[in-house]
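Asks: Predicted structure and sequence below. I'll ask about it afterward.
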Amino acid sequence: MKNAIVAYLLDIGIKPHYKGFDYLIYALLLTTTSASRISVGEVYNRVAEEFGVTKDRVERCIRTIVTTYFDNMENPPKFKYTNAEFIFLCTEQIKLINNNEN
């Protein structure tokens, strides 16, 4: 699943040089493999615990990726997604891709 997540993020143009890239991968791994929906706060807590950083740092690093992603779009939406919305949308797309491959 991790390889599918990395491939998806690279496909949509998210660069791996961001500090939050690994945080986002782990967050998406949590949300795509969970049987039930996890709150974004819980995701931040688990990612922070895994990497030995604060949840504020996790949130800030992921926000940088999300902001940069929308700033670099050719036709950006009229509003930027929140971290939680972005994680949810990526989770759904990854699940759809995985279901189509199986």
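Replies: Done, it's in.
Asks: Report how many residues lie close to residue 67.
Replies: 14 (other C-beta atoms under 10 Å). Backbone N, C-alpha and C define where each C-beta goes, glycine included.
Asks: Begin at 22, not 1, for the rest of this chat.
Replies: All right, first residue 22 from here; so that's residue 88.
Asks: who are the neighbours in contact with it?
Replies: Listed by C-beta atoms under 8 Å, 6 or more residues apart in numbering, the contact set of residue 88 reads residue 101.
Asks: Repeat the analysis, applying 10 Å as the threshold.
Replies: 101, 102, 104, 107 (C-beta atoms under 10 Å, 6 or more residues apart in numbering).
Asks: now for the residues you listed, which pair is the farthest apart?
Replies: Spanning the widest gap among those are 101 and 104, at 10.1 Å by C-beta to C-beta.
Asks: Residues that sit against both of those two, list them.
Replies: With C-beta under 10 Å, 6+ apart as the test, residue 101 and residue 104 both reach 84, 87, 88.
Asks: hmm, back to that, which among the contacts of residue 88 gets closest to residue 117?
Replies: Nearest to residue 117 among the contacts of residue 88, with distances taken as C-beta to C-beta, is residue 107, at 15.9 Å.
Asks: Name the nearest residue to that closest one, sequence neighbours excluded.
Replies: Counting by C-beta to C-beta, 6 or more residues apart in numbering, residue 107 lies nearest to residue 87, which is 4.7 Å off, once chain neighbours are set aside.
Asks: Understood, closing this out.
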